[in-house]
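# sequence and predicted model, in that order:
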Amino acid sequence: MTCILTSVKEKELHIISNGKMAIEQLAEIVSDIHPYITAIHIREKQKSARELFQTVEFLTKNNIPLSKIMINDRADVALVSGARGVQLAYHSLDVDSVKENFPQLRIGSSIHSYHEALKAKEKGADYVLYGHVFQSQSKPGKSPKGLEELKKLSKLDIDVITIGGITPDNTEQVLQEGANGIAVMSGVLEARDPLLAVNAYNKALKNGGG
């Protein structure tokens, strides 16, 4: 009798910078947590390309590997800095253009619907970042997307990372609906103990994915 073993893909944990921290504080936190996360997204809308590049340099000097760093919006900074990839939004360059010209980058596409996810997949995105799923402090007054659309996204054969109000307690819900991972901002970066928070999220990912 032949036994076929299939590997279970590890669930991803992405941390998103909040644009409010001094780079020294961000680096201090990420230097502690990077071994236990999939990626740190540099989402600093107020920074210039030069400042973003300097941010990446500062992080790497604090022993944070380039393989863990994603740059929000700026494919040029991601390429020049040697970061792992770029997270593209609706106002960014098209996914297919970035994919064609910078195939070495991992490309995420921020989406809010099934239609947008389908379009991102067709254009070659490596994964989509979907949200906000639950009520979120960073989206006050905006209704959450909920879980129904997520259930549809999970059938598209593209990795779906969920964002928005994700806690260790509700992580299992998004995994049950087909999410491949979660993205967190305040839940880790504004936690009293970021490393403890990351451990709680990883435990939830492991248990929920089991």
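It's in.

# correct me, but Gly164 touches Gln137?
No - using Cβ atoms under 8 Å, Gly164 is not in contact with Gln137; the gap is 9.6 Å. The C-beta positions use only the backbone N, C-alpha and C, and glycine is treated the same way.

# neighbour count: those two, which is higher?
Gly164 (23 against 11; other Cβ atoms under 10 Å).

# burial measure for the closest residue in space to Ser67 that isn't next to it in sequence, as a count.
Nearest non-adjacent residue to Ser67, counting by Cβ to Cβ, 6 or more residues apart in numbering: Arg84, 5.2 Å away. Neighbour count for Arg84, taken as other Cβ under 10 Å: 19.

# need phi/psi at Arg84.
In terms of degrees, to the nearest 10, the main-chain angles of Arg84 are phi -70, psi -40.

# before we move on, what about the one 10 residues further on?
In terms of degrees, to the nearest 10, the main-chain angles of Asp94 are phi -60, psi 150.

# for it, what are its contacts?
Shown in contact with Asp94 (Cβ atoms under 8 Å, 6 or more residues apart in numbering): Lys123.

# same deal with Leu88?
Asp73, Ala75, Val95, Val98, Ile107, Gly108, Ser109, Ser110, Ala125.

# repeat that for 6 Å
Leu88 sits next to Val95, Ser109 when contact means Cβ atoms under 6 Å, 6 or more residues apart in numbering.

# roughly how far does it sit from Pro194?
Leu88 sits 27 Å away from Pro194, going by Cβ to Cβ, to the nearest Å.

# same check on Gly146?
28 Å.

# the two: which has the busier surroundings?
Taking neighbours as other Cβ under 10 Å, Gly146 and Pro194 compare with Pro194 leading, 18 against 12.

# go ahead and confirm that one touches Gly187.
No - the criterion here is Cβ atoms under 6 Å, and Pro194 misses it with Gly187 at 9.4 Å.

# low pLDDT regions in this protein?
Within the chain, the ranges that satisfy pLDDT under 70 run 1-8, 138-141, 209-210.

# for it, what spans make up the strands?
For the chain, applying DSSP state E gives strands covering 12-16, 39-42, 69-72, 85-88, 106-111, 127-131, 159-163, 181-184.

# mind putting these into a markdown table with distance to Gln173?
Formatted as a markdown table, the strands of the chain follow (distance: least, Cβ to Cβ, whole Å):
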| stretch | distance to Gln173 |
| --- | --- |
| strand 12-16 | 16 |
| strand 39-42 | 22 |
| strand 69-72 | 25 |
| strand 85-88 | 23 |
| strand 106-111 | 19 |
| strand 127-131 | 13 |
| strand 159-163 | 9 |
| strand 181-184 | 11 |
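
# now the helix ranked longest in the chain and strand 12-16, what's the angle there?
Identified as the longest helix of the chain according to DSSP state H is helix 194-209. Interaxial angle of helix 194-209 relative to strand 12-16 (axes from the mean of the first three to the mean of the last three Cα atoms, to 10 degrees): 140 degrees.

# name the helices or strands packed onto helix 194-209?
helix 23-33, helix 171-176, helix 186-189 (3 or more Cβ pairs under 6 Å, 6 or more residues apart in numbering; DSSP states H and E).

# and these as JSON lines, adding mean neighbour count and distance to His14?
Output for the helices and strands packed on helix 194-209, formatted as JSON lines (neighbours: other Cβ atoms under 10 Å; distance: least, Cβ to Cβ, whole Å):
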{"stretch": "helix 23-33", "mean neighbour count": "17", "distance to His14": "12"}
{"stretch": "helix 171-176", "mean neighbour count": "20", "distance to His14": "13"}
{"stretch": "helix 186-189", "mean neighbour count": "20", "distance to His14": "10"}
